[in-house]
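A.B. asks: sequence below, structure please.
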Amino acid sequence: RPTRSVVLHCKHLRVTGATVQAAGSGAAQAAGVLQHPPLEQMALLLQQPLRAGHNYTLQLRYHANLSESFHGFYRSSYSTRGGERRTLAATQFEPTAARMAFPCFDEPAFKARFSITIRREPKHLALSNMPIVKSVQITPWLVEDHFDTTVRMSTYLVAFIVSDFKSISKISNHGVKISVYTVPEKISQAEYALEAAVKLLDFYEDYFSIPYPLPKQDLAAIPDFQSGAMENWGLTTYRESALLYDPEKSSASSKLSITMVIAHELAHQWFGNLVTMEWWNDLWLNEGFAKFMEFVSVSVTHPELRVEDSFLRRCFDAMEMDALNSSHPVSTPVEDPDQILEMFDSVSYDKGSCILHMLREYLTADVFKAGLVQYLQKYSYQNTKNEDLWNSMTKASIPYSLICPTVGASKNEQAADGFCRSQESSSSAAKRWSTKHDFSTSSLSETGIEPQQPIFTVPILFHYHSEVQNNSFHAFLTAVLPRLSLWHIPLTYITSTSDTVQRFLMTTKADVIILPEEVEWVKFNVDMNGYYIVHYEGDGWDRLTKLVTENHTVISSNDRASLINNAFQLVRMKKLSISKAFDLTLYLRHEKQIMPVLQGMYELIPIYRIMEKRDTGTTGKQLQEYIVNLFRELIEQQSWSDEGSVSDRLLRHSLLLFACLHRHQPCVDRAEGYFREWQESNGTLRLPADVKTAVYVVGAQRSEGWEFLLSKYRLNSFSVERENIELALSFSSRKDQLQWLMDQGLRGDIIRTQDLPHIITFVARNPSGYQLAWTFLKENWDKLVKKFELGSNTLAHIVSGVTSQYSTRSQLAQVEEFFSSLGEKSARLRCVQQALETIQDNMQWMDRNLEEVKTWLQNN
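C.D. replies: Here you go, the predicted model:
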């Protein structure tokens, strides 16, 4: 319709003039400019109305400073080995910061083609989404680069960098030029990322059957970068630690995380860039898929990394957050920039990926892949909602009515009560799941994803018990669902008499599975492929504890890890006694696999940390001794080397760091010896990459060792080890050193401000530093908000890291008082609500369980 105004997004830009010109018209009319900073908008006000159905060109003159934060078009810098400070400029526009670089319709559904021109000094180079088509020498000191026009894409994917970076390149099997850019002195660390990117981009082109549409894919390591990486189309950007790998100094965990991050950003070139969510409420369509595709792609391109060993951890993390009342559905309404930023959390990323994993198990890998390809092909260069994905999945599935599995000799036999008995093996998706109902793919979409569904604030919990009736063995299942909701949940199980995976689609709140014979035990949610928790009532937990105590290898390591996780989740839900959960952990003395060992640590160490920060007498010390003794044999079996598989090396890193942090004397003595030799060599002695952190942590306990570590931290030659050194420095027992670290991180000179959130969290875990971290957060809240943005995952990480181990009424009151004093915007942040709820949960946990833990430890 006709209009006299055009409203654009605009933030921190000083617009000095604007004109509007109709297509084919020689005359341009001047437009008045009205800016409205609270809404991050500007309006062009016109004397003559713009007519419906006509095309117009807007021309705007504006200027701005480079941003001093990590978003918009911002300034970064680095120092050379010679001490010269060099400056560069880079962009980070997701989700709502393109408006900080140019006025635009800054919403994902407003896709456009972008033609970009950049003027720079000859000593710099400019990068953007597309290749340069021509460069023009404007003056001897100024060059103008013209970039090719982009494909249709959202504003948040636009990117440009002006720097003196160097690069290495390679052509993929499909003819795409892939390049890695970094500061000149670190170009030798770019080789691994380049090789990984070539493999992964080729994998995605083959897997999706859709060619990568751009002629090049650049990966750039930015010295100052708030998040891990960003998927800008054709110019993905990364933290240096998320892209650069030194074969001589980098650890196994570094190689794994770099590969996963690259896989994530390249998956976005299809999920997010080619097909984009219509609005930020469906962010999981971008992030959940990219997180899930990390697992799919890396397991094929880099099988030696055994990425499957780390997938389960993300589901446990998501379920822990999901159990909070302050959690949210995967798809949830958002309106303003702060709410949009809050969507970039564990629910959108990790829960989204775990639900997709469950969906693939439900449909079979082939049907799932066919649905993805259909979805991407149909909606290329467009925007989508949840239902578009489910419709594509349903069309990819052959319509069917499920057939009951074999009972006795007769196929398709159904019991008189209408329930299917057990599952026969079949490659067809139609025969995989037993149920008394027909179903379609969309039934699984009801699992707390769609916004019209009730809020899925707890992982679904199943109560299981068994009994013999009429000479048949009945397994009774009851689903505990929030409110009056009902979802279709694909259950899997194995039993003491059969390790064949049985499948049953739970479509009602209560159901019965009749097993062909009596069994000693049943283990549901095989390999934790489903997003739900199971409570084994009666003597069910005792039977499973007996199983793993006598022969834990009867069930898979993933199943053992999920039992540990479920048991402690159920303690928090008040469904299981803490003694039963601790009984289960006793078997860990014989465990050697990475997933259950680390899960045992993840459950037990936070309990100790909470006790450490309150007066629990000798109980905290006894718990620490119990945990160390539990893993003592495995710790002492570790070689102080970089030998073995990636999983072996990751486990070694975690075990030795744990042992040294908790003052296990053999570990401390060994680490002190290594540190002494390393210090005497002035840092030239090569330490095994996977044991460095443990060595540094022990060395930093002495003031002389702390100062020596800090001196190495400042050197460019130790850049790949900075995160390890930061951790070690943060576990000093001297409060003045801990305060100095946080102050320096805020200042950004010696310690980059991008690393401050990790340092605050490390200090908060330190019994000498947790009060310092809380005081620092309170005194510098406004500065942290200005640097990292209200609502950001970074700010949430700081709030959670500082408060997650609080468990007293005094601590709760302090946190409530501080955030309520900040005003409504800060007080209503989801991370604040989650922090308060976590403290309350910790208080209740300690009130209920402390005495029982004390008794259990005395008896064990």
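A.B. asks: can you give the domain ranges for the chain?
C.D. replies: When the chain is parsed with the TED database, its domains come out as 457-575, 734-849.
A.B. asks: test my guess that F718 contacts I725.
C.D. replies: Yes: using CB atoms under 8 Å, F718 is in contact with I725, at 7.0 Å. Glycine gets a C-beta too; all of them are placed from N, C-alpha and C.
A.B. asks: so which residues of the stretch 651-800 of the chain form helices?
C.D. replies: 665-680, 692-699, 703-713, 722-730, 735-747, 756-765, 770-779, 781-788, 793-803 (DSSP state H, counting those that start in this stretch).
A.B. asks: which helices and strands sit right next to the first one?
C.D. replies: Taking 3 or more CB pairs under 8 Å, 6 or more residues apart in numbering; DSSP states H and E as contact, the helices and strands that helix 665-680 lies on are helix 646-661, helix 692-699, helix 703-713.
A.B. asks: okay, buried residues for stretch 45-58 please.
C.D. replies: L46, L50 (16 or more other CB atoms under 10 Å).
A.B. asks: compute the first-to-last residue distance for it.
C.D. replies: 12 Å (CA to CA, to the nearest Å).
A.B. asks: contact partners of that stretch?
C.D. replies: 1-6, 18-23, 29, 31-34, 44 (CB atoms under 8 Å, 6 or more residues apart in numbering).
A.B. asks: that one - what's its average pLDDT?
C.D. replies: Taken as a whole, stretch 45-58 carries a mean pLDDT of 94.
A.B. asks: same question, stretch 258-276
C.D. replies: The pLDDT scores in stretch 258-276 average 98.
A.B. asks: residues of the helix or strand harbouring L88 that come out buried?
C.D. replies: Assigning secondary structure by DSSP states H and E places L88 in strand 85-92. For strand 85-92, burial by neighbour count (16+ other CB under 10 Å) applies to R86, L88, A89, A90, T91, Q92.
A.B. asks: OK, contacts around the last one?
C.D. replies: With contacts defined as CB under 8 Å, 6+ apart, Q92 is in contact with F70, H71, G72, Y74, F225, Q226, S227, M230, T237.
A.B. asks: can you flag the buried ones in those residues?
C.D. replies: Using 16+ other CB under 10 Å as the burial test, the contacts of Q92 include F70, H71, G72, Y74, F225, Q226, S227, M230, T237 as buried.
A.B. asks: and G823, how far from V832?
C.D. replies: Applying CB to CB, to the nearest Å, the value for G823 to V832 is 12 Å.
A.B. asks: next one: V691
C.D. replies: With CB to CB as the criterion, V691 and V832 are 38 Å apart.
A.B. asks: show me which residues of the one helix or strand D847 maps to are buried.
C.D. replies: Counting by DSSP H and E, the element that carries D847 is helix 830-859. Neighbour counts over helix 830-859 (16+ other CB under 10 Å) mark 830-836, 838-839, 841-843, 845-846, 849-850, 853-854, 856-857 as buried.
A.B. asks: pLDDT below threshold where in the chain?
C.D. replies: Counting by pLDDT under 70, the chain has low-confidence residues at 398-462, 466-475, 477, 479-487.
A.B. asks: of all the helices of the stretch 651-800 of the chain, which one is nearest F524?
C.D. replies: helix 793-803 (30.5 Å; CB to CB).
A.B. asks: and that closest one, how far out from the chain middle?
C.D. replies: In terms of CA atoms, centre = their mean, to the nearest Å, the centre of helix 793-803 is set 14 Å apart from its chain centre.
A.B. asks: hey, C-alpha coordinates of whichever helix or strand comes after it in CSV?
C.D. replies: With elements assigned by DSSP H and E, the helix or strand that comes after helix 793-803 is helix 809-820. These are the backbone C-alpha positions of helix 809-820, laid out as CSV (Å, rounded to 0.1, in the frame of the first residue of the first chain):
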residue,chain,number,x,y,z
ARG,A,809,19.9,-19.3,52.4
SER,A,810,22.4,-16.4,52.8
GLN,A,811,23.8,-17.0,49.4
LEU,A,812,20.3,-17.2,47.9
ALA,A,813,19.4,-13.9,49.5
GLN,A,814,22.5,-12.2,48.2
VAL,A,815,21.8,-13.3,44.6
GLU,A,816,18.1,-12.4,44.8
GLU,A,817,18.9,-8.9,46.3
PHE,A,818,21.6,-8.1,43.7
PHE,A,819,19.7,-9.0,40.6
SER,A,820,16.4,-7.4,41.9
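A.B. asks: helix 809-820 to helix 830-859, inter-axis angle?
C.D. replies: Interaxial angle of helix 809-820 relative to helix 830-859 (axes from the mean of the first three to the mean of the last three CA atoms, to 10 degrees): 170 degrees.
A.B. asks: show me what helix 809-820 is packed up against.
C.D. replies: Contacts defined by 3+ CB pairs under 8 Å, 6+ apart place helix 809-820 against helix 824-827, helix 830-859.
A.B. asks: now do the strands in the stretch 151-300 of the chain.
C.D. replies: 160-163, 166-171, 177-182, 216-222, 229-230, 235-239, 275-277 (DSSP state E, counting those that start in this stretch).
A.B. asks: in its sheet, which strands sit next to the fourth one, and in what direction?
C.D. replies: When you say that, I think you mean strand 216-222. Strand 216-222 has its sheet partners listed here by DSSP bridges as strand 177-182 (parallel), strand 235-239 (parallel).
A.B. asks: what's the most buried one of those strands?
C.D. replies: Mean neighbours per residue, mean count of other CB atoms under 10 Å, is largest over those for strand 235-239, with a mean of 24.
A.B. asks: just give me how far that strand sits from the chain centre.
C.D. replies: 16 Å.
A.B. asks: so what angle separates the directions of it and strand 85-92?
C.D. replies: 120 degrees.
A.B. asks: just the C-alphas of strand 235-239, formatted as PDB.
C.D. replies: Provided in PDB are the C-alpha atoms of strand 235-239 (Å, rounded to 0.1, in the frame of the first residue of the first chain):
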ATOM      1  CA  LEU A 235      33.400 -16.600   5.400                       C
ATOM      2  CA  THR A 236      33.100 -18.600   8.600                       C
ATOM      3  CA  THR A 237      34.900 -16.900  11.600                       C
ATOM      4  CA  TYR A 238      36.400 -18.600  14.700                       C
ATOM      5  CA  ARG A 239      38.200 -18.000  17.900                       C
END
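A.B. asks: for it, give me every contacting residue.
C.D. replies: 90-92, 127-129, 159-161, 217-222, 225, 227-230, 261, 265-266, 268, 754.
A.B. asks: now, of these, which are buried?
C.D. replies: Buried, going by 16+ other CB under 10 Å: 90-92, 127-129, 159-161, 217-222, 225, 227, 229-230, 261, 265-266, 268, 754, out of those.
A.B. asks: may I see the strands paired with strand 216-222 organised as TSV, with distance to S251 added?
C.D. replies: As requested, these are exported to TSV (distance: least, CB to CB, whole Å):
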stretch	distance to S251
strand 177-182	19
strand 235-239	16
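A.B. asks: quick one: which of these is nearest D202?
C.D. replies: Closest among those, using CB to CB: strand 177-182, at 9.6 Å.
A.B. asks: run through who's touching the closest one.
C.D. replies: 127, 161, 163, 165-172, 189-190, 193-194, 197-198, 201, 215-221, 240, 243-244.
A.B. asks: tilt between that strand and strand 166-171?
C.D. replies: Going by the same axes, to 10 degrees, strand 177-182 makes 160 degrees with strand 166-171.
A.B. asks: among the strands of the stretch 151-300 of the chain, which is nearest V307?
C.D. replies: Closest of these to V307 is strand 229-230, at 16.9 Å (criterion: CB to CB).
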